[in-house]
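In: next come a sequence and a model predicted from it.
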Amino acid sequence: MEPIVRNVLTALNDAGFEAYIVGGAVRDMLMGRTPHDYDVTTSARPEDIKTVAAAQDWHTVEIKGECFGIVVLVVAGMTIETATFRGEAYGSDSHRPEQVWYAKTLREDVMRRDFTVNAMAMDREGHIYDYIGGQKDIRKKRLATVGDAALRFHEDALRLFRACRFTGQLDFQPAKDLLRAMPAAFPRVSGLSLNRVVQEMDKLMVAPAAFKGLDVLVRSGLGDCSCRQKENGQYTAVPILPECSHLPDTPQSRPFHLFDAWFHTLAVVAHTPPDLTIRYAAFFHDIAKGLPGIRGVHHGRYTDYGHDEKGAEIAKAILLRWHKGPALASRVAWLVKTHMKFHYFANTGQGDVDKWLRREALEGPFRRTTELVEAVRQATAVAKGDALGCGYDTADTEGTESFGAYMAALASQMPVSTKDLFYDKRIPDQCARQTGRCLQVLLKRVQNKELQNDADILAEAAGKWMKRHDGALTDDRR
């Protein structure tokens, strides 16, 4: 336990109150992980917590949650959310409790929580208070709800998405009764905010076993639900992820894939690093497979010609619908569109890589060379995951990685904008108001490999260009 957190528990205990660490921090410590943050639950009321904080010279942060008995302490730079024991009752709202009251005991407080592994407490001496079998579920690597699963999900529909997220985050197996109870709560999803759902999706996507949580999300039917977004005072229904519902059991050609399209997708996600952009690209890379107009049969084998282009459109539409930033949506779409091109270059030795990179520099969604290089490295990670996700033990990604490094080196030499040119003050001195126009000409020449990106060479080329445009310069100087 962090000494600072123990000091908080001790101060509350010395003032006559019960106090415990509760939730994820206890779970993580029992699993041998380092907690990212600590939540404290106590018998002290908010005003009592503030009194103890004042006596210790700790700062308190005012938040709206204080009406639920929460006070945020800032102790030696650490933020600790401290909450009074409480009980809750839910009503029509899909996420927030309709009634909240102060509870008398720790047991009452933990019994309102979502999952058994999140409902344990620890005192300052390290003693564990486990009323519902959280330690047993950790040993079994099982995700189970506190009490009746159907009731827990009906109370707060966001717990459906948290179930997917914790499945991936903890690498646990959901309990059978948890899975069976999910569909009954799906009508409540319509009352959840898009922002909260997408937050859970982002956390799931970078989880160590994200593939497990994604499998629960899609195969349970949760991805087919809609949440809502408030715009101009009106709520609008936002579909979550219906575009993936066709992938389970969508077959693929056996010579190339051991798995169907869905298990292949999960395998690719499993073989990519926990980077949000890369994981979304891995998840969406084959999303168009099996769709009408894409799925075909050639010489008795399934084909999905154009699934990369169509998949890029779908991926971008989903992310923008989720109100993700245009930069992320564009990059993910580019990676989806590019994944087949990357395999073609890496595996056939054919194609003009320089020409392709030049076209991407000119027409792609990149503003600087650094962005192009980063995108190539991300494409390498997706391609490596794609190769490993085909399911063959003989898969070798050494060639993919070495080709990716080669392509990144080429991309680093490809200027995307005039800011990537290595020019000095000689060009603006020579060109004056024609500098911008001259730099655009030089940029295209460097991209076409007619010039090296070198200060001396660029200055010389600019001088020659100005001689051909001396009349324009004379007019500018008048």
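Out: Looks like it arrived, so ask away.
In: quick check: the gap between P174 and V216.
Out: To V216, P174 is 6 Å away according to C-beta to C-beta, to the nearest Å. Using the backbone N, CA and C atoms, a C-beta is placed for each residue, glycine as well.
In: which residues are in contact with each of the two?
Out: Taking C-beta atoms under 8 Å, 6 or more residues apart in numbering as the criterion, P174 and V216 both touch 163, 167.
In: could you list the domains of the chain?
Out: 1-140, 146-245, 250-412, 418-477 (automatic domain parsing).
In: lowest-confidence helix or strand of the protein?
Out: helix 470-477 (a mean of 52; mean pLDDT, DSSP states H and E).
In: after the helix or strand containing F263, which helix or strand is next? Please name it.
Out: Per DSSP states H and E: F263 is located in helix 261-270. Downstream of helix 261-270, the next assigned helix or strand under DSSP H and E is helix 276-284.
In: before we move on, back to that, least reliable of the domains of the chain by average pLDDT, please.
Out: Of all the domains of the chain, domain 418-477 carries the lowest average pLDDT, namely a mean of 87.
In: in contact with the closest residue to L241 other than its chain neighbours, which residues?
Out: Nearest non-adjacent residue to L241, counting by C-beta to C-beta, 6 or more residues apart in numbering: G223, 3.6 Å away. G223 sits next to 217, 240-242, 244-245 when contact means C-beta under 8 Å, 6+ apart.
In: could you do K324 as well?
Out: V198.
In: my read is that E243 contacts I318, right?
Out: Yes - with contact defined as C-beta atoms under 8 Å, E243 reaches I318; the gap is 6.3 Å.
In: with neighbour numbers in mind, choose between those two.
Out: I318 (23 against 20; other C-beta atoms under 10 Å).
In: just checking, G87 touches D109?
Out: Yes - G87 lies in contact with D109 (C-beta under 8 Å); the separation is 7.5 Å.
In: mutual contacts of the two, please.
Out: A103.
In: just the C-alphas of the helix or strand harbouring G385, formatted as PDB.
Out: Using DSSP H and E, G385 sits in helix 369-388. The C-alpha trace of helix 369-388 is given here as PDB (Å, rounded to 0.1, in the frame of the first residue of the first chain):
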ATOM      1  CA  THR A 369       7.000  13.800 -42.800                       C
ATOM      2  CA  THR A 370       6.900  12.700 -39.200                       C
ATOM      3  CA  GLU A 371       3.200  11.800 -39.600                       C
ATOM      4  CA  LEU A 372       3.900   9.700 -42.700                       C
ATOM      5  CA  VAL A 373       6.800   7.900 -40.900                       C
ATOM      6  CA  GLU A 374       4.600   7.200 -37.900                       C
ATOM      7  CA  ALA A 375       1.800   5.900 -40.100                       C
ATOM      8  CA  VAL A 376       4.200   3.500 -41.900                       C
ATOM      9  CA  ARG A 377       5.300   2.200 -38.600                       C
ATOM     10  CA  GLN A 378       1.700   1.700 -37.500                       C
ATOM     11  CA  ALA A 379       1.000  -0.100 -40.800                       C
ATOM     12  CA  THR A 380       3.900  -2.400 -40.100                       C
ATOM     13  CA  ALA A 381       2.400  -3.300 -36.700                       C
ATOM     14  CA  VAL A 382      -1.000  -4.000 -38.300                       C
ATOM     15  CA  ALA A 383       0.600  -6.100 -41.000                       C
ATOM     16  CA  LYS A 384       2.600  -8.100 -38.500                       C
ATOM     17  CA  GLY A 385      -0.600  -8.800 -36.500                       C
ATOM     18  CA  ASP A 386      -2.400  -9.700 -39.600                       C
ATOM     19  CA  ALA A 387       0.200 -12.300 -40.600                       C
ATOM     20  CA  LEU A 388       0.200 -13.800 -37.100                       C
END
